[in-house]
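Colleague: My questions concern the predicted model and sequence given below.
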Amino acid sequence: MKVTIFSLYENITSKIAMDYSRMKLGDKIIINRFARQLANIIQKQSLLNGNYAIYATGKYPMNRFCKKNSFLLAEQIAKILKRPMITGSYKYHYEKKLFMDNHVNDRVINGLPVIKNKRVLKKSNYHIVMIDDSICSGKSLCVSLKELKTITDSVSFFSLIKLNKGGYSETQINDFLITNNHKKINTLLQIIRQKGYIFTSHAVRTIDDLTSHEKQQLMAKLNYNRASNLKKAFRVYFGKKFIIQCI
């Protein structure tokens, strides 16, 4: 299978790191801007010839309360380019010390909303445009490519950054906004309160790492619907209730 790799940014400045970190937390303004930039690059690739589908991964089961930020990015790109989108969902149990994507289990590919199954996809001879936030050698990427071999013979992998050339570790750049911000609760609230906001997997991990006092501050300033969505996202991602330990 032929795999071509593109990155929006290879040299990562502090401004790019900050925007990337905001995107990881689900900032809709940043996600939409990055989506437009990537969509513009994708449109210029002559090898696609207009016959391609957008592909992204998410945590199984797929749901509307908690999504990977790269999945939100791909959804927006598919909308901009008016292309069909397929999803690869994979199962894992989050363990902070072992994470990032190093214990991926079963994967299921689903067609949404145009491509209904692998047979239709193969028959249509779609080229696959795979969207992720960064390029790194993880099991998630390898498993995706292995599965995609059954439905296509060519994949173009588009990411925002080339992490292994950017001078940051995955943890450092993911948390750049939080570790460089003494008003992190106010910043989290600013992002979470955006109209149509969806909690990302990194956002719930970040909130889980807050102190009990910080969690109380956050929850006290969220309206009922957003607080309820946070609790649902937390249960979907971690498989447990959102609990603030009393000090």
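Modeller: Good, I have the coordinates. A quick note: this is a predicted structure, and the numbers were derived from the prediction, not measured.
Colleague: Asn51 touches His127, doesn't it?
Modeller: Yes - taking contacts as Cβ atoms under 8 Å, Asn51 lies within contact range of His127: 6.3 Å. Where C-beta positions appear, they are placed from N, C-alpha and C, glycine not excepted.
Colleague: ok, the two, which is more surrounded?
Modeller: More neighbours surround His127 than the other of Asn51 and His127, with 19 against 10 (other Cβ atoms under 10 Å).
Colleague: Give the closest residue to the more buried one in space, chain neighbours not counted.
Modeller: Closest residue to His127 apart from its sequence neighbours, by Cβ to Cβ, 6 or more residues apart in numbering: Tyr52 at 4.2 Å.
Colleague: Distance check, the one you found against Tyr197.
Modeller: Computed with Cβ to Cβ, to the nearest Å, the distance linking Tyr52 and Tyr197 is 29 Å.
Colleague: And those two? Which one has more around it.
Modeller: More crowded of Tyr52 and Tyr197, by other Cβ under 10 Å: Tyr52, with 21 against 16.
Colleague: Please name the residues that touch the more buried one.
Modeller: Arg83, Tyr126, His127, Ile128, Val129, Ser156 (Cβ atoms under 8 Å, 6 or more residues apart in numbering).
Colleague: just Gln194 next, same as before
Modeller: Asp27, Lys28, Ile29.
Colleague: Can you classify it as helix, strand or coil?
Modeller: coil (DSSP: H, G, I helix; E, B strand; the rest coil).
Colleague: try the one 10 residues further on
Modeller: Classification of Val204 into helix, strand or coil gives helix, according to three-state DSSP.
Colleague: Hmm, Phe234 and it touching each other?
Modeller: Yes - at 5.4 Å, Val204 counts as touching Phe234 under the criterion of Cβ under 8 Å.
Colleague: tell me, what's touching those two both at once?
Modeller: Cys66.
Colleague: In helices only, show me the contacts of Gln194.
Modeller: Counting by DSSP state H, the contacts of Gln194 place Lys28, Ile29 in helices.
Colleague: Neighbour count added to the contacts of Gln194, as TSV?
Modeller: Listed next are the contacts of Gln194 as TSV, based on neighbours: other Cβ atoms under 10 Å:
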residue	neighbour count
Asp27	24
Lys28	17
Ile29	12
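Colleague: Nearest to Asn11 among the contacts of Gln194?
Modeller: Nearest to Asn11 out of those is Asp27 (Cβ to Cβ; 21.8 Å).
Colleague: how near is the closest one to Ser14?
Modeller: 17 Å.
Colleague: can you check Arg22 too?
Modeller: Counting by Cβ to Cβ - Arg22 and Ser14 are separated by 13 Å.
Colleague: Could you do Ile42 as well?
Modeller: Distance from Ile42 to Ser14, by Cβ to Cβ: 27 Å.
Colleague: Neighbour count for these two, which is higher?
Modeller: Higher neighbour count among Ile42 and Ser14: Ile42, with 20 against 9, using other Cβ under 10 Å.
Colleague: Helix or strand next in line after the helix or strand containing the more buried one, which one?
Modeller: Using DSSP states H and E, Ile42 falls within helix 28-43. Note on helix 28-43: by DSSP H and E, the next helix or strand toward the C-terminus is strand 52-59.
Colleague: That following strand vs helix 28-43, what angle?
Modeller: Orientation note: strand 52-59 sits at an angle of 140 degrees relative to helix 28-43 (axes from the mean of the first three to the mean of the last three Cα atoms, to 10 degrees).
Colleague: So in that sheet, which strands flank strand 52-59, and in what orientation?
Modeller: Using DSSP bridges, strand 52-59 pairs in its sheet with strand 85-90 (parallel), strand 127-135 (parallel).
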